[in-house]
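Visitor: below are the sequence and a predicted model for it; my questions follow.
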Amino acid sequence: MEPIATPRRIWLTLLSSCGAAALLGVGAVVLGVYGRGAVEGDTSPLFPAVARGVEGLNGWSVVFLVLAGFIPGTFGKAHPLLIGLATMALLPIMSLADIVVDQTSHNLLPFEWAIYGVLTVPGILGALLGRRLKRSLSTDHT
């Protein structure tokens, strides 16, 4: 028998699933360019590794973003759409922090955020795949 879902438990569930997805999403962007040599993008005063990842987005970045949604989608309890959106949630926050420090950075901010919006799609797909796997494994054991 499952415990009763209290508002506090619901918030903790959402925060843990979406928080993990957000951290994995930043990791996915950074790891996507790892080992590619020199990549332009040290323009960020606070987050140069993330800037290099954004500037050098490639197929590996997309694969890692799918995994960033898949893992919390499989093990978390938040809705897959929220998990997928969370995979890119920290990047706009990081860009705002950069702007506070250096107003000349992120001069194409609306386009940058639009790209972040598009890049939530792999995370959403990964979360949906993870949720599907979780459901298929739970129905096989009952």
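Guide: Here it is on my side, so go on.
Visitor: number of nearby residues for Ser105?
Guide: The burial metric for Ser105, expressed as a neighbour count using other C-beta atoms under 10 Å, is 16. C-betas here are computed from N, CA, C, even on glycine.
Visitor: look up the closest residue to it, ignoring the ones flanking it.
Guide: Using C-beta to C-beta, 6 or more residues apart in numbering and skipping the chain neighbours, the partner closest in space to Ser105 is Asp98 (4.8 Å).
Visitor: and the helices in the protein, which stretches?
Guide: 7-31, 48-55, 59-75, 80-86, 90-101, 109-118, 120-140 (DSSP state H).
Visitor: with mean neighbour count and mean pLDDT added, can I get those in a markdown table?
Guide: Rendered in a markdown table, the data for the helices of the chain read as follows (neighbours: other C-beta atoms under 10 Å; pLDDT from 0 to 100):
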| stretch | mean neighbour count | mean pLDDT |
| --- | --- | --- |
| helix 7-31 | 18 | 91 |
| helix 48-55 | 20 | 88 |
| helix 59-75 | 22 | 96 |
| helix 80-86 | 24 | 96 |
| helix 90-101 | 16 | 93 |
| helix 109-118 | 13 | 93 |
| helix 120-140 | 18 | 93 |
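Visitor: list the contacts for the residue most central in space within the chain?
Guide: Per C-alpha atoms, centre = their mean, the C-alpha nearest to the average position across the chain is that of Thr87, at 1.5 Å. Thr87 makes contact with 21-22, 24-25, 28, 65, 68-69, 119-120, 122-123, 126, according to C-beta atoms under 8 Å, 6 or more residues apart in numbering.
Visitor: please repeat the previous calculation with a cut-off of 10 Å.
Guide: Residues touching Thr87, when contacts are defined by C-beta atoms under 10 Å, 6 or more residues apart in numbering, comprise 18, 20-29, 64-69, 72, 116, 119-124, 126-127.
Visitor: can you give me the distance of it to Ala22?
Guide: Thr87 sits 7 Å away from Ala22, taking C-beta to C-beta, to the nearest Å as the criterion.
Visitor: between these two, what contacts are shared?
Guide: Common neighbours of Thr87 and Ala22 (C-beta under 10 Å, 6+ apart) are 68, 72, 123.
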